[in-house]
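>>> turn this into a model:
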Amino acid sequence: MVVEIEKCTANPSIGILCKIAAALGLSVADIVNVSEAPSAHIIDSQDIPTLWTGDLGGTARLLAGTSGPNMIELWRWEMHPGESFSSQGHPQGTLELFHVEKGALKCVVGETELVIPAGSSAVAKTDVPHSYSNAGRSKLVFTMSVTEMHQ
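Now for the predicted structure:
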């Protein structure tokens, strides 16, 4: 997969990017070039990558992130009714924070199922298989931060 990515003949999933980053001791933000610089800086809107596109046009954009294996990422997700995303789970101790702006986010983390309505927030340990979906009838918009702390 790495060779295909280097040749620009493959479009890796978020899960593959996470695995490559972890193996290299980097963050996904390092790989897609939105990680922190030595001082404060702005990431122009045209430089914010879309790392997931749903079958109906939904998107997940990595807005910003810190560098290295101990990292924090900020994401903005938009999902149309019926769209979903699944993850096998992140390294032990990974936490995700959610805030729903529009619609309702169905979040399944291991055996726990949450439906987070607009205006509400949630916290989840995502070192287990988990998924996000829009089971509603209108567009879902939420922000998410991901924190990984390797010991």
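>>> contacting residues around the helix or strand where residue 97 lies?
Under the criterion of DSSP states H and E, residue 97 resides in strand 95-102. Residues outside strand 95-102 that contact it (C-beta atoms under 8 Å, 6 or more residues apart in numbering) are 105, 107, 116-126, 138-147. Where you see a C-beta, it was placed from the backbone N, CA and C, and this is true even at glycine.
>>> sheet partners, orientation included, of that strand?
strand 121-125 (antiparallel), strand 140-148 (antiparallel) (DSSP bridges).
>>> so for residue 91, which of those sits nearest?
Closest approach to residue 91 among these (C-beta to C-beta): strand 140-148, 5.7 Å.
>>> can you give me the offset of the closest one from its chain's centre?
Relative to its parent chain, strand 140-148 has a centroid offset of 6 Å by C-alpha atoms, centre = their mean, to the nearest Å.
>>> now stretch 117-132
With C-alpha atoms, centre = their mean, you get 11 Å for stretch 117-132.
>>> cool, stretch 128-144 as well?
11 Å.
>>> before we move on, what about stretch 142-151?
Offset of stretch 142-151 from its chain centre (C-alpha atoms, centre = their mean): 9 Å.
>>> need the helices for the chain, in chain order.
2-6, 14-24, 28-31 (DSSP state H).
>>> so where's the chain shaky on pLDDT?
Applying pLDDT under 70 to the chain flags residues 1-19, 21-38, 150-151.
>>> ok, now with 80
In the predicted model of the chain, residues 1-39, 67-69, 149-151 satisfy pLDDT under 80.
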